[in-house]
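Colleague: Fold the following.
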Amino acid sequence: MKNLKMQLVLVMSVLVTTLSYAQTKMVGGAEMYPSKNIIENAVNSKDHTTLVAAVKAAELVETLSSDGPFTVFAPTNAAFGNLPEGTVATLLKPENKKQLQTVLTYHVIAGKFNAKDVIAAIKKGGGKVELKTVSGGTLTAMLDNGSVKIMDSKGNIATVTVADVNQSNGVIHVVDTVLLP
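Modeller: Numbers count the residues shown, from 1 in each chain. The predicted structure is shown next:
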């Protein structure tokens, strides 16, 4: 009987560990835990150091740490690197905080929309769906060869490279392009 209890405890332990691991995703070399909020996870991603610096400079840490829920299309460092030279440095200046806030909140949708929700809305919309951003702008989501694409108001198109990175206060979808209002 004692041996059976030990085996049962071991099986339960492995099951809990497996389920916990299955819910995490690797982003930027770090595990993203669904029990942590957007900021708590993002600070650990090596691919999002520019985004984290921008969120801090824009004084949006508290907002993105709040209950939400939020859907964030999170550009990578490489995405920020593709902007014209000097753009990031200019946006990070204190006198440009309002503009930086607008750019960052343009990547945020109120509510939690996993990939299946976005894809269902795209299909229901006949191939595309408009998403209202927290900044008041509009993004257009569409499918292209099975990939979710997000188009900004300037016609720039980002591809979701990692979807459904669940957070305690929403979900992150990693994108390869900075979206501009």
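Colleague: Now the element after the worst-scoring helix or strand of the chain on mean pLDDT, going C-ward?
Modeller: For the chain, counting by mean pLDDT, DSSP states H and E, helix 2-22 ranks last in confidence among helices and strands (a mean of 46). Following helix 2-22 in sequence order, the next helix or strand is strand 25-27 (DSSP states H and E).
Colleague: Quick check: what element follows that next one along the chain?
Modeller: Heading C-terminal from strand 25-27, the first helix or strand you meet, by DSSP H and E, is strand 30-32.
Colleague: In this structure, where is pLDDT below threshold?
Modeller: 1-22 (pLDDT under 70).
Colleague: Which stretches in it count as strands?
Modeller: Counting by DSSP state E, the chain has strands at residues 25-27, 30-32, 70-75, 108-110, 128-132, 138-144, 147-151, 157-167, 170-175.
Colleague: Redo the ones you listed as a markdown table? Include distance to residue 81.
Modeller: Quick note: C-beta positions are derived from backbone N, CA and C, even for glycine. Formatted as a markdown table, the strands of the chain follow (distance: least, CB to CB, whole Å):
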| stretch | distance to residue 81 |
| --- | --- |
| strand 25-27 | 17 |
| strand 30-32 | 20 |
| strand 70-75 | 10 |
| strand 108-110 | 21 |
| strand 128-132 | 25 |
| strand 138-144 | 21 |
| strand 147-151 | 18 |
| strand 157-167 | 14 |
| strand 170-175 | 14 |
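Colleague: All good on my end, thank you.
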